[in-house]
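> Next one to model:
(chains A, B, C and D, ligands or ions: 8)
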Protein chains: 4
Amino acid sequence: MSTGFFGDIKPVAYEGPDSDNPLAFRHYNPDEMVLGKRLEDHLRFAVCYWHNFVWPGNDPFGGQTFERPWFGETMEKAKLKADVAFEMFKILGVPFFTFHDHDVRPEGASYAESVARLDEMADYIARKMEDGGPKLLWGTANLFSNRRYMAGAATNPDPDVFAYAAATVKACMDVTKRLDGQNYVLWGGREGYETLLNTDMGRELDQLGRFLCMVVDYKHKIGFKGTILVEPKPQEPTKHQYDYDVATVYGFLKRYGLEGEVKMNIEQGHAILAGHSFEHELALAATLGILGSIDMNRNDYQSGWDTDQFPNNVPEVALAYYHVLQAGGFTTGGTNFDAKLRRQSLDPEDLIAAHVGGMDVCARGLKAAARMIEDKALSAPLEARYAGWKDAEAQAMLRGERTLEEIAARVAREGIDPQPRSGQQEKLENVVNRYV
Amino acid sequence: MSTGFFGDIKPVAYEGPDSDNPLAFRHYNPDEMVLGKRLEDHLRFAVCYWHNFVWPGNDPFGGQTFERPWFGETMEKAKLKADVAFEMFKILGVPFFTFHDHDVRPEGASYAESVARLDEMADYIARKMEDGGPKLLWGTANLFSNRRYMAGAATNPDPDVFAYAAATVKACMDVTKRLDGQNYVLWGGREGYETLLNTDMGRELDQLGRFLCMVVDYKHKIGFKGTILVEPKPQEPTKHQYDYDVATVYGFLKRYGLEGEVKMNIEQGHAILAGHSFEHELALAATLGILGSIDMNRNDYQSGWDTDQFPNNVPEVALAYYHVLQAGGFTTGGTNFDAKLRRQSLDPEDLIAAHVGGMDVCARGLKAAARMIEDKALSAPLEARYAGWKDAEAQAMLRGERTLEEIAARVAREGIDPQPRSGQQEKLENVVNRYV
Amino acid sequence: MSTGFFGDIKPVAYEGPDSDNPLAFRHYNPDEMVLGKRLEDHLRFAVCYWHNFVWPGNDPFGGQTFERPWFGETMEKAKLKADVAFEMFKILGVPFFTFHDHDVRPEGASYAESVARLDEMADYIARKMEDGGPKLLWGTANLFSNRRYMAGAATNPDPDVFAYAAATVKACMDVTKRLDGQNYVLWGGREGYETLLNTDMGRELDQLGRFLCMVVDYKHKIGFKGTILVEPKPQEPTKHQYDYDVATVYGFLKRYGLEGEVKMNIEQGHAILAGHSFEHELALAATLGILGSIDMNRNDYQSGWDTDQFPNNVPEVALAYYHVLQAGGFTTGGTNFDAKLRRQSLDPEDLIAAHVGGMDVCARGLKAAARMIEDKALSAPLEARYAGWKDAEAQAMLRGERTLEEIAARVAREGIDPQPRSGQQEKLENVVNRYV
Amino acid sequence: MSTGFFGDIKPVAYEGPDSDNPLAFRHYNPDEMVLGKRLEDHLRFAVCYWHNFVWPGNDPFGGQTFERPWFGETMEKAKLKADVAFEMFKILGVPFFTFHDHDVRPEGASYAESVARLDEMADYIARKMEDGGPKLLWGTANLFSNRRYMAGAATNPDPDVFAYAAATVKACMDVTKRLDGQNYVLWGGREGYETLLNTDMGRELDQLGRFLCMVVDYKHKIGFKGTILVEPKPQEPTKHQYDYDVATVYGFLKRYGLEGEVKMNIEQGHAILAGHSFEHELALAATLGILGSIDMNRNDYQSGWDTDQFPNNVPEVALAYYHVLQAGGFTTGGTNFDAKLRRQSLDPEDLIAAHVGGMDVCARGLKAAARMIEDKALSAPLEARYAGWKDAEAQAMLRGERTLEEIAARVAREGIDPQPRSGQQEKLENVVNRYV
Ligand SMILES: [Co+2]
Ligand SMILES: [Co+2]
Ligand SMILES: [Co+2]
Ligand SMILES: [Co+2]
Ligand SMILES: [Co+2]
Ligand SMILES: [Co+2]
Ligand SMILES: [Co+2]
Ligand SMILES: [Co+2]
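Ligands and ions are numbered 1, 2, ... in the order given. As a prediction, the model looks like this:
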């Protein structure tokens, strides 16, 4: 029985590019075949629980703007919230959703009570999933909202907080496995510092390394088949997070011997905050073999904080999917909307329209990227640019078969005087514009 | 015989805090004992060749402002430049200097001629060093100014450029060893990209990894005792450099097995451009065991590019040296001024005054840091904050002797409910202000 | 009778630079004479109500961290809050405080009830002020927290919100006058936009101009003798505020004929967010004749949002007061701490220590600035630099007595070929470092 | 007779969206009618002289990359440069070009010689213009490259520099009039400061105000019919420019009584550097009645300096033209490409391709904007959002016929309690995506 929250909004259908129905897909046709695979199976859309159903619309200078019938800290409200959430998932037709423990259950008076409530809600949600609901792309634990975590979870100066966080992750991993989650995500929003004056960075990094090792061990222990993902972010809410960006997390994984066990969940907004482009982070993760999943929500280039907006720029999104596709596409990962409405977007219809727009932008972007790949529009010039490295002597240098001395002798002997060739950046930008 | 460039400016003397002589040290007293060591031996000041004697004062919208008698691309000019440089080193009384090949010799018509000129200038400089001049903190190769490097040196799509760069580094390492350099530095100003559209990042990183391996091999081959240093920078002149920051370079070193061979040369301005504080980069490098040397020149917080200004904020500099001292101080490293005059500072006296002011700021900062260490002003509260981790059960968790399950069981059993304690940031900031 | 909140913390006394009492002033000696005026009368410190007593410690990713006995939306709690606030004001010995309506009274069910509550609390506060409490530096209305203002107050698309905001300001101005406030402040935290797609900027600016005209008219009507101040900020919480910075507000005032009626309340953190230095905003406001008062709280240069931290960098603060003093010092304005504790600073003592540290930094800074002024350390070189403009022909050009043609003819005739002179930036930076 | 520089590149033709010819227009069809006007007459494209033909490809860390036969400081080279420039203008079929004095003539040994050379080159260019070349969108004087301007042109501490700059502008205005320029532009790249320590801001602003008044007077004196434009930029090369952004320049114009005489030349890259979006600056200038012309070159959002890249993001460009069209379109203004190749784009063909791509992006953007206007896609929801202001009482408030007291009384009396309505940002973003 419907909660009635979404009124008479019908499941969103694909109507093609000429539709002017604001609640129809114009580009996202799930069954469309792209590079030999259904579009739905490429994009693997997931909708998040927290921004859509938990966030009250507050910002640093203002309080609640959304008035939702499910707001409140009781199990009844939690179930109403789940009812509405799954109604939205159905309207959108998304194949996946994502959640934190904190999103689906009220905090209990003790750890044990919190876990019991999580378990009860997991049962409730499991029934909805069985009843035609979406699958779980990933579960995660909220280790940042409660004041106990104000100085860190795994990196807290108090080992009891470390323990509490560890226990909480254990419970969330259990639930994620039970709901057949495809991945488990860790975002360390409080794993960082406000000031180095009160922080022992070396000690805290070791705590964090230990924590992540335990997570990986537990994954194997319980036979969870999903991927462990870390979501990098440079700062906010802390002044500085330890998992700054993909490169930083890679070094961290190498240091603690986890680079074969953990992959990345990369968010466009976090890439921007760290001084990179989204495609940089994707290409780097692909290069390092740790590209896992994406949070497809953008930041405003003018804002110095995480705005978590729905994607709306097709050329940018196309380049992001270009790197995802070049890396072989998603396996356990997908396209999660860790995106929130602007706090002035009060209406239920805004929730639907925002996702419809975001999904269409992604579909357009991925299809453009696929066409570029089919045409070798970028890869052919790329191969030509590096063609000199096919030369035997070049290969020998690269394989480590030449020393500085040998190379220096050859340069002197042959009078090598390399002449630069055009990088053709503008031409390549023009090429992209043929596809988007 | 003096070139006369600095007129009647005398060697700069320490006159104490009450002096109002603009060309005297008020805080830098080389023989002052600090934490059991001479101040000079703590700070290990070095002056750079390039900004002081090579840069014409141009910026992206304007040309030369400095009119120096040694400007010009002949060996005669190069020798006059060296004469003036060593006069300045003597006036300042600095124990070290630093240079690129490009700074001291005109580019030749071929690789062989460039090396020959470098060798001739190395002889010339060696005589000045023997004649009471400063020692060499580090040498380095300029792999970014010449158009051949426009698309990278080690990471160039053309293997001939890789070879030319390798040959050039070989020559610079030879000269650095001959001049008894304490370190050899690599800054990859062109090792990055302008656009990913024409860039194969994975391939280029492998080229860079190979290049650095060859450098390390050659160091051992020739018995160079100094440290190999990489200087991170996130961008400028390229849109994105591969050696973005300390964390990124650490991951890179781990990937190519070089973390035991290479350390960092960290510059405040580059830290700022990468979204970090200088002390963050220093503390992180110390934690990772790769803190080598520093470039003590600041960026303007308002400017989005590298301004390479002389340090002038004592509280900031004090925190930087706090981390250097906590890490045990410099061994082969030192405090290099990779700093340049503003292009309006035309007079010879400006060159001297800028360094005097910068050296005094560093001396004040280091002495303040030393007093904080002596008083345990920051370390005692820090130890108290993490004291809980001395507990046996906490240690067991940290050593990896507990699983998530065991910890979760204990949290439930003991009803652990951690209560947050004040982080005292403002109090600690007040403490620092007692020392600076 | 004491609330006991601050335990046995005594009123903070001046103990001199050698004190290591964390709750004593080391530099702020209110009666010290500086440039012929008491230090207290120069600095005119004010403490704000909101960050200290209203903010629960939440941030965008976490909830309440402070547990204060006065939290709650009743008049009893409001009075307890006032009791504690005035206890803190007394401990600190500050001459002024500042508040919003929203800080001191719970919101009523209607406009009328909100005003009645404000009036009742104004009476309560008035008695405390008479009883040896501080004076009111400024009052203001909170036109940004309540959801009714989510799309602006004066610039709202709904004229009823404009009316509600106008009515609210009227009530706050009445109370400010009654409490003998020295100024009345407007900060337009919601006067801006999230997206231009739904915004008619011209219409909204006209609404804002009208609103400010009404405020000025009402000031004259009721005979309020204080100054009307606008506090610029570029963004946050909105994507873009209309009162971006001092220059923008100046243009706005000129456009609506208000430049003789309204001055600026300038905050360091907002200057930084707008891409300026604090001293830039102060110098510009002084130049334009609209420098009113300051909010002496800093931003973190690394964070892209408003961190409202207590000042802690003496060299920076000294330059700020240098411009305030050069402009003649404060008249109705003062030094307000619109500063908040870090959310981990949980203890009552943190509240006191943070202000003590901030006040000391300001006192040190202002005294350094005063000495620079007494010595003409910066003003004498400045006058020398522009001395050429005393020439009669230069003055004629500046007064508008020469045309382009006449000047061009003279340049050609006299073969004018100006030669640049050193700007001496580094020397001047060294001069400042003698004083801070 | 052709210089041969562009080899066999033919004039670029419109071939329609399906063309894959890299040197054809796919969207820019000059004669296409849009909103009742030819596309060429809407866009009014101009190509700049400086980045294309003067810039050697240097950046702060590297020298010349382009090898052009016309580089060199002789009149012969200047004429060859003009020949090639007009060949490029013809290949592109642009209706306008733009230049600085410095671009077209070598600097002379004296002011008089520089003017004589400028006059000679103006004759040379005039013949090319008559011979089917493009018209002059605007002329301007380079008051920033020569070392005499290092401390400012109009705002220099030395009145002789002010005079030299005034004389130079006079000569450039004469030439601009002679070549029938549609506008005259002033960009104050050195009108700002490196440090406030050596700067008297009030004095310098008065110098700048006087300078601009003289320019306006001279315009009227010689009967120049074009528009005087100021191009705002916040910084770079200086640390801080006085003409920071549109709002700042507006206040400056009001202060010196010039708001009816001077309009804005707005550049996307400069908007970004100042913390705004391009459309913000356009909408604000339109609101203030000072929208003149645009420099259609973008910055990289990741780079903290002016990259002057060719536009390549259609959705962004569409919103820019939306505001231009809503303001009535260009009159004397146009779309200037103040854009430069990346320094690795060495080939003549890169010059052509870059402009072709940029022009196509603009054409696509403007056509999308025009369709949004025709459909009232954004304007209809906008009007509905503010509809409440049509109410008589609302109008009375806005016209200034109500006082704060009257409004407060009405709010109390009627129990006004405004309820927020959705701002629909995501829906409007989706609407835009139907058009781009
Ligand atoms: Co985010
Ligand atoms: Co995310
Ligand atoms: Co640098
Ligand atoms: Co450096
Ligand atoms: Co603030
Ligand atoms: Co403020
Ligand atoms: Co520009
Ligand atoms: Co421009």
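
> Verify the contact between A:Tyr244 and A:Pro232 for me.
Yes: counting by Cβ atoms under 8 Å, A:Pro232 is a contact partner of A:Tyr244 at 6.3 Å. (Each C-beta comes from the backbone N, C-alpha and C, glycine too.)

> between these two, what contacts are shared?
Jointly contacting A:Tyr244 and A:Pro232 under the rule Cβ atoms under 8 Å, 6 or more residues apart in numbering or on different chains are A:Ala274.

> What residues sit buried inside the helix or strand containing A:Glu87?
Using DSSP states H and E, the secondary-structure element containing A:Glu87 is helix A:75-92. Neighbour-count burial for helix A:75-92, counted by 16 or more other Cβ atoms under 10 Å in any protein chain shown, picks out A:78-92.

> What is the nearest of the residues you listed to ligand 6?
Here the nearest of the buried residues of helix A:75-92 to ligand 6, counting by Cβ to the ion, is A:Lys81; it sits at 37.1 Å.

> Identify the residues contacting the closest one.
By Cβ under 8 Å, 6+ apart, the contact list for A:Lys81 reads A:53-54, A:68, A:70, A:104.

> Filter those down to the ones in helices?
Among the contacts of A:Lys81, the residues falling in helices (DSSP state H) are A:53, A:104.

> Residue of chain A nearest ligand 4, please.
A:Gly275 (18.3 Å).

> Can you check my assumption that that residue lies in a helix?
No: counting by DSSP: H, G, I helix; E, B strand; the rest coil, A:Gly275 is not part of a helix but coil.

> That one contacts B:Ile272, doesn't it?
No: the pair A:Gly275 / B:Ile272 is not scored as a contact, 11.2 Å apart, by Cβ under 8 Å.

> Let me know the closest of the buried residues of helix A:75-92 to ligand 3.
Nearest to ligand 3, judged by Cβ to the ion, of the buried residues of helix A:75-92 is A:Leu92 at 49.0 Å.

> Quick one: the strands in chain A, in order.
All strands of chain A, identified by DSSP state E, fall at A:33-34, A:37-38, A:45-48, A:96-100, A:135-140, A:183-186, A:192-193, A:227-230, A:240-241, A:262-267, A:291-295, A:335-337.

> and these as JSON lines, adding distance to ligand 8 and mean pLDDT?
Putting these into JSON lines (distance: least, Cβ to the ion, whole Å; pLDDT from 0 to 100) gives the following:
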{"stretch": "strand A:33-34", "distance to ligand 8": "41", "mean pLDDT": "98"}
{"stretch": "strand A:37-38", "distance to ligand 8": "46", "mean pLDDT": "98"}
{"stretch": "strand A:45-48", "distance to ligand 8": "42", "mean pLDDT": "98"}
{"stretch": "strand A:96-100", "distance to ligand 8": "45", "mean pLDDT": "98"}
{"stretch": "strand A:135-140", "distance to ligand 8": "46", "mean pLDDT": "98"}
{"stretch": "strand A:183-186", "distance to ligand 8": "44", "mean pLDDT": "98"}
{"stretch": "strand A:192-193", "distance to ligand 8": "40", "mean pLDDT": "98"}
{"stretch": "strand A:227-230", "distance to ligand 8": "43", "mean pLDDT": "98"}
{"stretch": "strand A:240-241", "distance to ligand 8": "36", "mean pLDDT": "98"}
{"stretch": "strand A:262-267", "distance to ligand 8": "34", "mean pLDDT": "98"}
{"stretch": "strand A:291-295", "distance to ligand 8": "36", "mean pLDDT": "98"}
{"stretch": "strand A:335-337", "distance to ligand 8": "38", "mean pLDDT": "98"}
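
> To B:Lys376, which of those strands lies closest?
Nearest of the strands of chain A to B:Lys376, taken as Cβ to Cβ: strand A:192-193 at 20.1 Å.

> what about the helix holding A:Glu87, distance to the chain center?
With Cα atoms, centre = their mean, to the nearest Å as the basis, helix A:75-92 stands 22 Å off its chain's centre.

> cool, stretch A:275-292 as well?
The chain centroid and the centroid of stretch A:275-292 are separated by 12 Å under Cα atoms, centre = their mean.

> Stretch A:146-162 now?
24 Å.

> Any regions of the stretch 101-250 of chain A where pLDDT drops low?
Applying pLDDT under 70 to the stretch 101-250 of chain A picks out no residues at all.

> hang on, the earlier thing: contacting residues around the residue of chain A closest to ligand 4?
Residues counted as contacts of A:Gly275 (Cβ under 8 Å, 6+ apart) are A:234, B:234-235, B:244, B:274-275, D:302.

> In chain A, what residue comes closest to ligand 3?
In chain A, no residue comes nearer to ligand 3 than A:Gly275, which is 15.8 Å away by Cβ to the ion.

> Now do the helices in the stretch 201-350 of chain A.
A:201-222, A:246-255, A:268-273, A:278-288, A:314-326, A:348-374 (DSSP state H, counting those that start in this stretch).
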